[in-house]
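K.L.:
Dropping a prediction and its sequence here:
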Amino acid sequence: MERVHADKPNVPRGLTKYLTALHEELSSHMMKEEQILFPMIKQGMGRQATGPISVMESEHDEAGELVDVIKHVTQNVTPPQEACTTWKAMYNGINEMIDDLMEHISLENNVLFPRALAGE
């Protein structure tokens with residue numbers, strides 16, 4: 001989109017870079033959860049998961065910072081008046097992704113991690 005609409009003043013410059021960075025961050029994060037943290041929790045070792053949980057929480061913060069940057073370059077993920085259908089659809093997808101991500105982070109930080117550390 002940045003390339004197609006490069007001449008538009010409201011094009012979200014850097015959006016591709018920031019979305020790619022978020023994708024890479026989340027892919028790495030999920031791999032760590034699946035290979036390290038979740039097996040520990042399933043084996044009843046949640047109380048010993050302080051280190052991995054701390055890393056996950058830090059990565060949640062980093063993902064949140066990237067989301068803030070994405071919101072900044074997209075005017076709070078609001079398409080401009082002149083946006084084409086594709087531009088609007090992309091922003092709708094970004095908004096859905098952000099909502100899902102924030103819900104996921106909230107569930108982990110506020111429910112899963114405290115319960116794991118409590119040995120539940």
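P.N.:
All right, it came through fine. Residues are numbered from 1 along each chain as shown.

K.L.:
Check the gap between residue 86 and residue 63 for me.
P.N.:
25 Å (CB to CB, to the nearest Å). For glycine as for every other residue, the C-beta is placed from the backbone atoms N, C-alpha and C.

K.L.:
In terms of neighbours, single out the busier of those two.
P.N.:
The neighbour comparison of residue 86 against residue 63 (other CB atoms under 10 Å) goes to residue 63, with 19 against 11.

K.L.:
For that one, which non-adjacent residue is spatially closest?
P.N.:
The shortest distance from residue 63 to any non-neighbouring residue, by CB to CB, 6 or more residues apart in numbering, is to residue 25 (5.7 Å).

K.L.:
Contacts only, for the one you found.
P.N.:
Contacts for residue 25 were tallied using CB atoms under 8 Å, 6 or more residues apart in numbering; they are 59, 62-63, 66.

K.L.:
Give me the buried subset of these.
P.N.:
59, 63, 66 (16 or more other CB atoms under 10 Å).

K.L.:
average pLDDT for the strand or helix carrying residue 20?
P.N.:
Using DSSP states H and E, residue 20 falls within helix 15-32. Helix 15-32 shows a mean pLDDT of 97.
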